[in-house]
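Engineer: A structural model of the following input is requested.
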Amino acid sequence: MEEKMPKVTRIGIFIDGQNLYHAQKELGIHIDYGKFINQIKKWFAEKNPRDVWVEFIRYYGLDVSSVHARSPAYKFFIDRLKELGINIIGKDFKIIRNENSNHSYRKLNFDVEIAVDAMDLINHYDVFVLVSGDSDFDYLAARLKSYQKSVCTISTRNIMSQELKSRSHIAIWLEKIADKIKLK
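Structural biologist: Numbering: from 1, shown residues only. Sure, this is the predicted structure:
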């Protein structure tokens, strides 16, 4: 559903860390976030006659104070995001227990935070870039479009929901840019 973007000046990037984590696992790569952000900028610059700049980048993921995030590798990852000017919104895993089967699993969901922040920051961007394929964002995409915002989603073909893909002005497939953004 690729089309030429309207006149773009400001881009807000919202990264659903858990969704992107699963996309990386699917692709068998680790993303170099510096390359990833540069690839997004390059893509928009090629599509628009005006200057394009990233107004802000927000990464929603595991909080560094979490007991689950105390590894040196995770701290290095978070430090790298901060070096790139990425604002980190974090929280700890929620443990979901099934009383009947005595099993539990960890869940880290930021759908509400992303939606609230997208609406709170609506006057600070012209293009909403969502790095996620979660169908829960379909309603948010519809609302943003009603405010004349362009919606771009970035994910893999397997993770991107049909609802979100059809609601987006543009869907960028991670498979197509994987070689350009992978950590070496």
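Engineer: please count neighbours and contacts with C-alpha atoms only from this point.
Structural biologist: Fine.
Engineer: pull out the buried positions in stretch 147-154.
Structural biologist: Neighbour counts over stretch 147-154 (16 or more other CA atoms under 10 Å) mark 149-154 as buried.
Engineer: stretch 91-103 now?
Structural biologist: 91-93.
Engineer: quick one: contacts of that stretch?
Structural biologist: Residues from elsewhere that reach stretch 91-103 (CA atoms under 8 Å, 6 or more residues apart in numbering): 61-63, 66, 68, 104-108.
Engineer: among those, which are in strands?
Structural biologist: Counting by DSSP state E, the part of the contacts of stretch 91-103 found in strands is 61-62, 104-107.
Engineer: which among those gets closest to Ala142?
Structural biologist: Closest approach to Ala142 among the ones in strands among the contacts of stretch 91-103 (CA to CA): Gly61, at 24.2 Å.
Engineer: so who does the closest one touch?
Structural biologist: 16-18, 88-91, 108, 110.
Engineer: for Lys35, same thing?
Structural biologist: 180-182.
Engineer: repeat that with 10 Å
Structural biologist: Lys35 makes contacts with 41, 180-183, as judged by CA atoms under 10 Å, 6 or more residues apart in numbering.
Engineer: strands of the chain, residue ranges please.
Structural biologist: Under DSSP E, the chain gives strands at 10-16, 53-62, 87-91, 94-98, 103-107, 127-131, 150-155, 170-173.
Engineer: quick one: low-confidence parts of this protein?
Structural biologist: Applying pLDDT under 70 to the chain picks out residues 1-8, 49-50, 64-69.
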